[in-house]
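>>> below are the sequence and a predicted model; questions follow.
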Amino acid sequence: MTSITFTDHLGESRVVAANPGDTVMETAVRHGVPGIVAECGGSLSCATCHVIVDPAQADLLDPMDDMEDEMLYGAATERSATSRLSCQIRVGEVDLRVTTPETQV
């Protein structure tokens, strides 16, 4: 099983088990990870599941499409070079590390 390490903006980390094929957002919601609001439920119509992917892992993910890129401009906190919407990241066989921003709304 794959794991995802969620680190909050204060540096506190939480490791959760993840099912390949699920999204990072679905995994966070299932495990009650603080910092992932997921207001739209993964339909790519908000930015409340914004995460910052560990820069060492960003190239391992499928590239973001134009819609995700556009939605990130509506994020409550400034986006970074490795910002992604967790509803658009599919869990694979590699353990992931992401950081949640200070706020989502």
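Nice, thanks for sending it over.

>>> low-confidence bits of this structure, can you list those?
When residues are selected by pLDDT under 70, none of them lie in the chain.

>>> can you show me the strands along it?
With DSSP state E, the ranges of strands along the chain come out as 2-7, 13-18, 50-53, 83-85, 96-99.

>>> reformat the ones you listed as CSV; add distance to Met64 and mean neighbour count.
Using the backbone N, CA and C atoms, a C-beta is placed for each residue, glycine as well. As requested, the strands of the chain are exported to CSV (distance: least, CB to CB, whole Å; neighbours: other CB atoms under 10 Å):
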stretch, distance to Met64, mean neighbour count
strand 2-7, 18, 18
strand 13-18, 19, 15
strand 50-53, 10, 24
strand 83-85, 6, 23
strand 96-99, 14, 21
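
>>> and of those strands, who's closest to Met25?
Closest to Met25 of those, according to CB to CB: strand 83-85, at 7.5 Å.

>>> and for that closest one, what's in contact with it?
Residues from elsewhere that reach strand 83-85 (CB atoms under 8 Å, 6 or more residues apart in numbering): 25, 44, 47, 49-53, 61, 64, 68, 71-72, 75, 98.

>>> kindly recompute the last result at 10 Å.
Residues outside strand 83-85 that contact it (CB atoms under 10 Å, 6 or more residues apart in numbering) are 23-25, 38, 40, 42, 44, 46-53, 58, 61-62, 64, 67-69, 71-72, 75, 77, 98-99, 101.

>>> from the chain's centroid, how far away is it?
In terms of CA atoms, centre = their mean, to the nearest Å, the centre of strand 83-85 is set 6 Å apart from its chain centre.
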